[in-house]
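J.: Build me a structure from this.
(4 chains)
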There are 2 protein chains.
Amino acid sequence: MPEGLPQLSPREEQVLDAVVHLYITTAEPVGARVVVKRFNLELSPATVRNVMADLEDMGLLTQPHTSAGRVPTTLGYRYYVQKLSKVQEIGLAERRKLEREYFSRLSGVDDVLRQASHLLALASHQAGLAEAPDERASVLRRIELIPIGERRVAALLVDNYGRARSVSLELSQPMTPDGIQRLNAFLNEQLADQPIGRLTDVLRERILAYLEEQRQLAQQAMMLLGELPLPSTERLYLEGMPNLMKQPEFHSVDNARQVISLVEERDRLLEVLRKAVRNDPDLGALVLIGSEELGDTSLDSISLVASPYRVNNEPVGVIGILGPRRMPYSRLMSLVNTTADIVSRAITRLLG
Amino acid sequence: MPEGLPQLSPREEQVLDAVVHLYITTAEPVGARVVVKRFNLELSPATVRNVMADLEDMGLLTQPHTSAGRVPTTLGYRYYVQKLSKVQEIGLAERRKLEREYFSRLSGVDDVLRQASHLLALASHQAGLAEAPDERASVLRRIELIPIGERRVAALLVDNYGRARSVSLELSQPMTPDGIQRLNAFLNEQLADQPIGRLTDVLRERILAYLEEQRQLAQQAMMLLGELPLPSTERLYLEGMPNLMKQPEFHSVDNARQVISLVEERDRLLEVLRKAVRNDPDLGALVLIGSEELGDTSLDSISLVASPYRVNNEPVGVIGILGPRRMPYSRLMSLVNTTADIVSRAITRLLG
DNA sequence: TGTTAGCGCTCTATTGCGTTGAGCGCTAAA
DNA sequence: TTTAGCGCTCAACGCAATAGAGCGCTAACA
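T.: Residues are numbered from 1 along each chain as shown, chains lettered A, B, ... in the order given. Modelled structure (predicted):
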């Protein structure tokens, strides 16, 4: 988060609000004349100019060049987002509609999240994203080994979110069906309720304890251990990139490249998300504007509106919207909040 | 495929070859002077100019504007690819290296393909792609129902490629573990060796026959039937988009958009691939140049070099490279061929 | 003291024009 | 058939002039 916000007079706020609004809709630097005209202010352009000059001194606005109109800075957006934009409540009807289209045909947590990102992209005309609960931190409910060939077994892992994922792996030695069954039971006994990210570690510990008692079983488990690659489920759903490309700021090649890099560097994006949520685990929508706040110099013209969703009141993942800095924040913040809420309930319901 | 290729004299071929080569490396229209110079021809620029004019009349070259150098047309590339480029055999050493890095740590068909696309992107400095065998056409080896909650079961489906995929689904009525087990056996009996794309259909047919004999089981199966969404595995691996963006032709916004649309419209790309392979199921690499041949007007500056890979001599999928029209075709064709070969063997080995 | 009108200034964007140079086509000679 | 030479064409570049948006400043006004 940036340093504290400056104190603004009501008039200054009014002007800032106007500039942000106009810039959001036109994507062009905003002059004093239009501010007066479009907002029917009882002021002359000259006065507004003075105010805008003050706002520029305070670092809330800036000029692309001398004698151009003003454009909000990161700080300007920040002020707007925090003080001026009242999270425009989404109408109940709209919310109902979201829920209705949303709850239809949910077959699991992953579906919920994919749909969430899809929906956000659709409703915002920007790019929508959804981060799945960290799979390495989720807990193993059940493991099931199923022989599917002479030397191949499929391992089905089910976690506490009800997510099932499977790996198929090749054994270095063939095993009898019976052996596999016993191994299966052993693994379930040992690994249940362990974090999926730590399965191999846990297994190693337990095996050592068993080495004496149940030599053969332990050895077989040992064998499997080396070959159990963690299956990865999709961690970040990201949709609607073409929407983003339609925004005028991405018509320049340099900025367009930023969008591309988003797609390619999902991992970095995920990390930023995680960090942001950790820093700020309070409720409500989170807004990160431009490269400074996103912590990635290459993402200068991009902003993120995100909101964590919760299971049992614990934040476990994030959904959000990616767009140009110039975004209708108030609308989108409420959209994201509402959606996060729906997602929370959908997942809780799935688990219940 | 375009209409027949024209007949060229040896000299004309020589000039065409030179122009294509130079254009591939420089990305600039090619003048007669440089052709003579860089290829040490015993000819004057004037003569070459005449030849180039002839080639232009035949539709193999074109000028961006009067008095600019020449650029190959689609037909020009076509001629080059088909008659002039000798598929530059890849050295055995290089091939060995590919195989070595490649065969390490393969845990399934999907891995092989992901790696293939990765490798192609890496080696070509373009974008690599790999199409997975059509999952709807693959055949069910085994289905396994595993209860993971009061009303939830995970269904693990294993196909003839050894690919395991799982869906978790919610039952409209709770079932006893015993019931599930019987249902499981029933499903295996009925669905084994059926194409995955037709599972629901097959199930419906079989159920009708059983309705009398085994009323309850059939009803349960019926219940499941409605709720069995086909889990989809990744069908198209596509990597190295940033490489593509580095090419000079994609520095313009319009062309850059083409690259983006590639990412977003994977499905259309898949279809083009399928169609191309069906039209031309002979061996060897397949080259599609620009919008005409790719069948998508929005992909004018993009070309595709692809090669099918085979299992039991049947083509089941395609791998390839996406790049600008201006690509080092001969090198890439051999790269793709070699890789397709390696993939074929890797998969066959996995299945054996 | 805050507001406003007016003027001049600054900077961008656009247009037009002349220059340069690459590269062609054509013709006439070898 | 090939080549040298010449003139033509066209994109690219730079330069200058113009127009217009929008600012800052000052001086007058409430």
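
J.: correct me, but A:Val153 touches A:Gln173?
T.: No. Applying C-beta atoms under 8 Å, one finds A:Val153 not in contact with A:Gln173, separated by 11.8 Å. Bear in mind the C-beta positions are built from the backbone N, C-alpha and C, glycine included.

J.: Between the two, which is the more surrounded one?
T.: For A:Val153 versus A:Gln173, neighbours defined as other C-beta atoms under 10 Å in any protein chain shown are more numerous around A:Val153 (23 against 9).

J.: Check the gap between that one and B:Arg114 for me.
T.: 21 Å (C-beta to C-beta, to the nearest Å).

J.: pLDDT below threshold where in the stretch 51-200 of chain A?
T.: For the stretch 51-200 of chain A, applying pLDDT under 70 flags the ranges A:103-107.

J.: Write out the residues of it neighbouring DNA strand D.
T.: Residues of the stretch 51-200 of chain A lying close to DNA strand D (C-beta under 7 Å from any atom of the strand) are A:52-53, A:56, A:63, A:67-70.

J.: Within the helices and strands, which one has A:Ile146?
T.: Using DSSP states H and E, A:Ile146 sits in strand A:140-147.

J.: hmm, that strand in reach of chain B?
T.: Yes. Judged by C-beta under 8 Å from any C-beta of the partner chain, strand A:140-147 comes into contact with chain B at A:141-142, A:144, A:146.

J.: which of these count as buried?
T.: A:141-142, A:144, A:146 (16 or more other C-beta atoms under 10 Å in any protein chain shown).

J.: Specify which member of the residues you listed is nearest to DNA strand D.
T.: For these, the residue nearest DNA strand D by C-beta to the nearest atom of the strand is A:Arg141; the value is 60.8 Å.

J.: who's in contact with that closest one?
T.: By C-beta atoms under 8 Å, 6 or more residues apart in numbering or on different chains, A:Arg141 lies in contact with A:158-160, A:162, A:192-193, B:148.

J.: now with 10 Å?
T.: By C-beta atoms under 10 Å, 6 or more residues apart in numbering or on different chains, A:Arg141 lies in contact with A:157-164, A:188, A:191-193, A:196, B:148-149, B:154.

J.: Which ones among those lie within strands?
T.: A:157-159, A:164, B:154 (DSSP state E).

J.: Nearest to DNA strand C among those residues?
T.: Nearest to DNA strand C among these: A:Asp159, at 53.4 Å, using C-beta to the nearest atom of the strand.

J.: Okay, helices next: where are they in chain A?
T.: In chain A, helices defined by DSSP state H lie at A:10-26, A:32-39, A:45-57, A:74-79, A:92-103, A:109-124, A:177-191, A:199-210, A:215-227, A:241-246, A:253-264, A:266-279, A:290-294, A:329-351, listed in chain order.

J.: for the longest one, the distance to its chain's centre please.
T.: If I follow you right, that is helix A:329-351. When distances are taken as C-alpha atoms, centre = their mean, to the nearest Å, helix A:329-351 is centred 12 Å away from the chain's centroid.

J.: Which other helices and strands does it contact?
T.: Other elements packing on helix A:329-351 under the criterion 3 or more C-beta pairs under 10 Å, 6 or more residues apart in numbering or on different chains; DSSP states H and E are helix A:10-26, helix A:92-103, helix A:109-124, strand A:127-131, strand A:286-289, strand A:302-311, strand A:314-324.

J.: do the third one as well
T.: Judged by 3+ C-beta pairs under 10 Å, 6+ apart, the packing partners of helix A:45-57 are helix A:10-26, helix A:32-39, strand A:61-62, helix A:74-79.

J.: Export the ones you listed to TSV and append columns for mean neighbour count.
T.: Putting the helices and strands packed on helix A:45-57 into TSV (neighbours: other C-beta atoms under 10 Å in any protein chain shown) gives the following:
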stretch	mean neighbour count
helix A:10-26	19
helix A:32-39	18
strand A:61-62	21
helix A:74-79	22
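
J.: so which of those gets nearest B:Thr348?
T.: Ranking these by their distance to B:Thr348 (criterion: C-beta to C-beta) puts helix A:74-79 first, at 56.2 Å.

J.: mind giving me the domain split of chain A?
T.: Domain assignment for chain A by automatic domain parsing gives A:10-84, A:92-132+A:234-351, A:140-227.

J.: For B:Arg345, find the nearest of those domains.
T.: The minimum distance between B:Arg345 and the domains of chain A falls on domain A:140-227, with 16.1 Å, by C-beta to C-beta.

J.: Among the residues of the stretch 51-200 of chain A next to DNA strand D, name the buried ones.
T.: Among those, those classed as buried by 16+ other C-beta under 10 Å are A:52, A:69-70.

J.: Would you mind naming what in chain A lies close to DNA strand C?
T.: A:11, A:42-44, A:46-47, A:50, A:65-68.

J.: of those residues, buried ones?
T.: A:Leu43.

J.: Tell me which two in the residues of chain A next to DNA strand C are the farthest apart.
T.: The widest separation within the residues of chain A next to DNA strand C (C-beta to C-beta) is 30.0 Å, between A:Glu42 and A:His65.

J.: Looking at the residue in the stretch 251-352 of chain A positioned nearest to DNA strand C now. What's its pLDDT?
T.: At 11.3 Å from DNA strand C, A:Ser252 is the closest residue in the stretch 251-352 of chain A, using C-beta to the nearest atom of the strand. We have a pLDDT of 79 for A:Ser252.
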